[in-house]
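*Asks:* Sequence first, predicted coordinates after that:
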Amino acid sequence: MRFGRTDGPVAPPAPANTPATGFEPSTRRTHDARIALLDEDQQTRDLLREYLEGQGMHVISVANGQELRQLIHHEPIDAVILDAMARSEDSLALLREMAEQPGTPPVMLLSAVASDIDRIVGLELGADDYMAKPFNPRELLARLRVVLRRSNAASVRVAATPVLSFAGWVLDPTFYVVRDAAGRDVDLTSGEFKLLHALAGHAGQVVSREALLKLVHGDEAEAFDRAIDVAVSRLRAKLVRHGGGALIRTVRGEGYLFAARI
């Protein structure tokens, strides 16, 4: 059984006592996570909410991007499930906007398009995971649990990570702040910040593209070399504007090197 827009009607979930179909109750209940759900297909939204709430989560459905912004601003949200094909607003622009705000919850992007380039774009813009429709609800649940665990673990790591100083610059992982040698704030998206933090944390070492992707997106991220190349290019362009053009070096055929001493 699969959720998502299809050419035919979406079948309702099977009763709890039916044979295994992808909807049977899980014996592993997640913590009481609060999930924001934006999907314009009401049938998918209702089925997904019912399924996730059956697994111990609290799901709050919203109809558009404005409602999602208000929800995240006013209530504690552990993760967001976002329909990339929402017609009421450019969902990718909304994803980029959320990625630029410190403290925004992790986002799982759903899309009817499953090409590599769409997954790459979604990851580049800040999505923590990407699933193509139609999808198996148990797979989405498993991926969502991974995103939640990774987010919680990252929060613990960030809280315990000291401020990094290099070439007069300051990187504060607790408050997602980067200041250049002149004391000016450097405007980075959360993805760019994580990338800079990953590189600075391995200063003096060549880090491969695959390793960088895992450091930024977790072990479950697929190794899209081009995604990292584009992300590093964007980060480097911002650093150049603040006099930090020499901080990141490309090592041909190997990866990237953070050249400043920590």
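*Replies:* Yep, it's here. Numbers count the residues shown, from 1 in each chain.
*Asks:* Beyond the helix or strand of the chain with the lowest mean pLDDT, next helix or strand please.
*Replies:* Ranked by mean pLDDT, DSSP states H and E, the weakest helix or strand in the chain is helix 137-160, scoring a mean of 75. The helix or strand immediately downstream of helix 137-160 is strand 164-166, counting by DSSP states H and E.
*Asks:* What does Arg49 show for phi and psi?
*Replies:* phi -60, psi -50 (degrees, to the nearest 10).
*Asks:* so how far is Ala132 from the closest residue to it other than its chain neighbours?
*Replies:* Nearest residue to Arg49 in three dimensions, chain neighbours excluded: Val59, at 4.3 Å (C-beta to C-beta, 6 or more residues apart in numbering). C-beta coordinates here come from the backbone N, C-alpha and C atoms, glycine included. As judged by C-beta to C-beta, to the nearest Å, Val59 and Ala132 stand 21 Å apart.
*Asks:* Now do the helices in the stretch 101-250 of the chain.
*Replies:* Per DSSP state H, counting those that start in this stretch, the stretch 101-250 of the chain carries helices over the ranges 116-124, 137-160, 190-200, 209-217, 225-241.
*Asks:* Give the residue spans of the chain that score low on pLDDT.
*Replies:* In the predicted model of the chain, residues 1-31, 86-89, 102, 114, 153-161, 218-226 satisfy pLDDT under 70.
*Asks:* Spit out the contact partners of the residue nearest to Arg49.
*Replies:* Residues near Val59 by C-beta atoms under 8 Å, 6 or more residues apart in numbering: 35, 37, 48-49, 52-53.
*Asks:* And the closest residue to Ser165 other than its chain neighbours, how close does it get to Gly191?
*Replies:* Nearest non-adjacent residue to Ser165, counting by C-beta to C-beta, 6+ apart: Ile262, 7.1 Å away. For Ile262, the distance to Gly191 equals 21 Å [C-beta to C-beta].
*Asks:* quick one: which of the two has more around it?
*Replies:* Between Ile262 and Gly191, counted using other C-beta atoms under 10 Å, the more crowded position is Gly191 (22 against 13).
*Asks:* just checking, the more buried one touches Glu124?
*Replies:* Yes. At 7.1 Å, Gly191 counts as touching Glu124 under the criterion of C-beta atoms under 8 Å.
*Asks:* Can you check which residues contact both of these two?
*Replies:* Shared contacts of Gly191 and Glu124, defined by C-beta under 8 Å, 6+ apart, are found at Ala231.
*Asks:* that older thread, pick the most buried one from the helices of the stretch 101-250 of the chain.
*Replies:* helix 190-200 (a mean of 22; mean count of other C-beta atoms under 10 Å).
*Asks:* who's in contact with the residue most central in space within the chain?
*Replies:* By C-alpha atoms, centre = their mean, the mean C-alpha position of the chain lies nearest to Asp128, the distance being 2.1 Å. Neighbouring residues of Asp128 by C-beta under 8 Å, 6+ apart: 79, 106-108, 147, 150-151, 217-218.
*Asks:* List the residues that contact the spatially closest residue to it that is not a sequence neighbour.
*Replies:* Nearest residue to Asp128 in three dimensions, chain neighbours excluded: Pro106, at 4.0 Å (C-beta to C-beta, 6+ apart). Taking C-beta under 8 Å, 6+ apart, we find Pro106 in contact with 79-80, 128-129, 147-148, 150-151.
*Asks:* Now Arg184. Nearest residue, chain neighbours left out?
*Replies:* His242 (6.5 Å).
*Asks:* likewise Ser61?
*Replies:* Leu37 (5.0 Å).
*Asks:* So the one you found is in contact with Leu71, correct?
*Replies:* No. Contact criterion C-beta under 8 Å: Leu37 and Leu71 do not qualify, at 10.1 Å.
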